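J.: coordinates only, no sequence provided:
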């Protein structure tokens, strides 16, 4: 799962001397996360997460991610705060990888989403959007709408292996989504991957957001659409409009949604569904048969997409 | 790697009410370990490890393992102490699995073995053997010498896929090992899997031993042979006799090795090499091609076995 690079105790001890966070007490690989190697690190000064950035992350983008986390954390958003070394630099090198230490967030991610998670999620997402407004650098969203057709092209010859007729269904849906994609909505920095395993709760309160490595500058309301997909479907793929309403209302209390944003919810949700559908489809077709790694089923997002295609307006989402 | 069963926050919170260890603060899957699901659990009372026992562990044997850990911990061995629930029971159920909470051990396992690790390892192994002496229940070692021929039989038709001529080489070696296997050496409870990833160090001292789920009742000196295989070869499979000497001398200071045990070291080391060779071989032949799980190369143990077959007596191990 999530330890691709081993860190020797000597290398780690030497690495820690560049910081002012005491000496090592414990060090364990973390099973969660799929892109990078993550370790839980305890020192005499407290608890931290050590991340080694693996090949799928572009090193040139790391300062943007770390800068965003620092910016958000300084504005009161519960997210990992990159820890700077004695020389003031947070992005460093360890075992041939770019690496960073961040603060440890308490809490547990919800394995099963309940209604009471959704309002805190909506509030936290809006707070993230508001707090990010004055972070000046921008990052193009490679997995935004401009990236979807190329992704489908790369899968197209084999899409029907997954389900007969799927290629045509996706072509039609994608054409419609891109044609009606909203362009004049408020833009800002979005998390873009705020699934339950990236949101921690503690004692019934949201305690933190993690994993900003898909964050980008894009339509703020698209981030809500990602969450509606990730949090508001039941395990039978029925849409729970009560959860959606709780999420949207709580969001709106912190950052008011414009009429245009509300009206765009169906197409934004369709877009978010097709975005996760396409990356899962690509991984599905490119993961060796019999591999023990869990391939996430792309068809789950076909089910979600079909729901969103039936949504006539924002009322389908409970508002 | 090591989270096969997901634990919902509700299930975990309910589970914790059976204990007197406070409420949940943080909960993360641990990447290490291959047999069971392991989680790092922080509560308001401290740090713990939650283990869910997966299918490869026989539930009937769990009380023996947990009893041994408790016994050793009470005698000052740094190992996980099973935490009993309010009803006095340590072995419980969670999410359809047998499960247990144990104390958290500080330290880091050495990714690269250095000479200074070997004497503390030898002392700790001997201390474990001494402390285990008055733990009355016994556990038959299914992966001891009686298990090796059946394991080879299950692979035999395909052994030469791994390396031409390997089947014949292993047959010959196994015959010789079983013929000269010592029977009159001191018996006790052995760890049987004391590889570097099961031994933690902190500030240059050995801080704990973990993962007792291969422990069994067998020749004590066989446990030393496992360690000589696991700790004393360099990455080019050359044998580091200085490391072996440090390990053996430190062991001998805590629990004196008999003449018979010393004399048996070559065949014990051959046996330990073939035991890990055979389980790796079995896994190698039975893991799907292209699987992303790391198959451990059985040929590494062919190299070790060949070294031990050249050992004329205990002097080959530096004593």
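T.: That came through, no problem. Nothing here was measured: the structure is a model prediction, and the numbers come from that model.
J.: spit out the contact partners of the residue nearest to the spatial centre of chain A.
T.: When CA atoms, centre = their mean is applied to chain A, the residue found nearest the centroid is residue A:193 (1.7 Å). Counting by CB atoms under 8 Å, 6 or more residues apart in numbering or on different chains, residue A:193 touches A:211, A:213, A:214, A:215, A:226. To be clear about C-beta, it is placed using only N, CA and C from the backbone, and glycine gets the same treatment.
J.: in space, what's closest to the third one - neighbours in sequence excluded?
T.: Same thing as residue A:214. Counting by CB to CB, 6 or more residues apart in numbering or on different chains, residue A:193 is the residue found nearest to residue A:214 once chain neighbours are left out, at 4.0 Å.
J.: and that neighbour, how far from residue B:134?
T.: 55 Å (CB to CB, to the nearest Å).
J.: which SSE is residue A:285 in?
T.: For residue A:285, the element it lies in under DSSP states H and E is helix A:265-286.
J.: following that helix, which helix or strand shows up next?
T.: Next along from helix A:265-286, by DSSP H and E: helix A:299-310.
J.: determine which two of the contacts of residue A:193 are furthest apart.
T.: A:213 and A:226 (14.5 Å; CB to CB).
J.: more neighbours: the two, which one.
T.: residue A:226 (24 against 19; other CB atoms under 10 Å in any protein chain shown).
J.: now do the same contact list for that one.
T.: A:190, A:191, A:192, A:193, A:194, A:272, A:275, A:276.
J.: contacts only, for the closest residue in space to residue A:107 that isn't next to it in sequence.
T.: Leaving aside its chain neighbours, residue A:107 sits nearest to residue A:200 (2.8 Å; criterion: CB to CB, 6+ apart). Contact analysis of residue A:200 by CB under 8 Å, 6+ apart lists A:78, A:105, A:106, A:107, A:108, A:109, A:206, A:207, A:208, A:209, A:210.
J.: residue A:23 touches residue A:15, doesn't it?
T.: No: if you go by CB atoms under 8 Å, residue A:23 and residue A:15 don't touch, sitting 11.4 Å apart.
J.: quick one, which of these two is more surrounded?
T.: residue A:15 (19 against 12).
J.: torsion angles phi and psi at the more buried one?
T.: phi -60, psi -40 (degrees, to the nearest 10).
J.: now for residue A:177: which residues touch it?
T.: If you count contacts by CB under 8 Å, 6+ apart, then residue A:177 has A:145, A:148, A:267, A:270, A:271, A:274 around it.
J.: ugh, wrong one, residue A:151
T.: A:278, A:279, A:282.
J.: ignoring the adjacent residues along the chain, who's closest to the last one?
T.: In space, and not counting its chain neighbours, residue A:282 is closest to residue A:155: 5.6 Å by CB to CB, 6+ apart.
J.: can you give me the mean pLDDT across the helix or strand harbouring that neighbour?
T.: Using DSSP H and E, residue A:155 sits in helix A:145-155. On average, the pLDDT along helix A:145-155 is 94.
J.: what's the answer for stretch A:160-174, then?
T.: Across stretch A:160-174, the per-residue pLDDT values average to 94.
J.: of the contacts of residue A:226, closest to chain B?
T.: Among the contacts of residue A:226, residue A:194 lies closest to chain B (CB to the nearest CB), at 17.4 Å.
J.: one step back: most neighbours among the contacts of residue A:151, please name it.
T.: residue A:278 (24 neighbours).
J.: state the pLDDT value of that one.
T.: So, for residue A:278, pLDDT stands at 96.
J.: show me the contacts for it.
T.: Per CB under 8 Å, 6+ apart, neighbours of residue A:278: A:148, A:151, A:152, A:155, A:170, A:298.
J.: ok, now how distant is it from residue A:268?
T.: 16 Å.
J.: sec struct for residue A:68, please.
T.: Classification of residue A:68 by DSSP: H, G, I helix; E, B strand; the rest coil places it in helix.
J.: what's the burial count for residue A:271?
T.: So residue A:271, with other CB under 10 Å, has 27 neighbours.
J.: so which strand or helix has residue A:221?
T.: Counting by DSSP H and E, residue A:221 is part of helix A:220-231.
J.: just the angle between that helix and helix A:265-286, please?
T.: Comparing the axes of helix A:220-231 and helix A:265-286 via axes from the mean of the first three to the mean of the last three CA atoms, to 10 degrees yields an angle of 60 degrees.
J.: just to be sure, the residue nearest to residue A:107 is in a helix?
T.: No: using three-state DSSP, the assignment for residue A:200 is strand, not a helix.
J.: tell me the spacing between it and residue B:171.
T.: 55 Å.
J.: then residue A:6?
T.: Counting by CB to CB, the gap from residue A:6 to residue B:171 is 35 Å.
J.: sorry, back to before: show me which of the contacts of residue A:193 is closest to chain B.
T.: Among the contacts of residue A:193, residue A:211 lies closest to chain B (CB to the nearest CB), at 13.0 Å.
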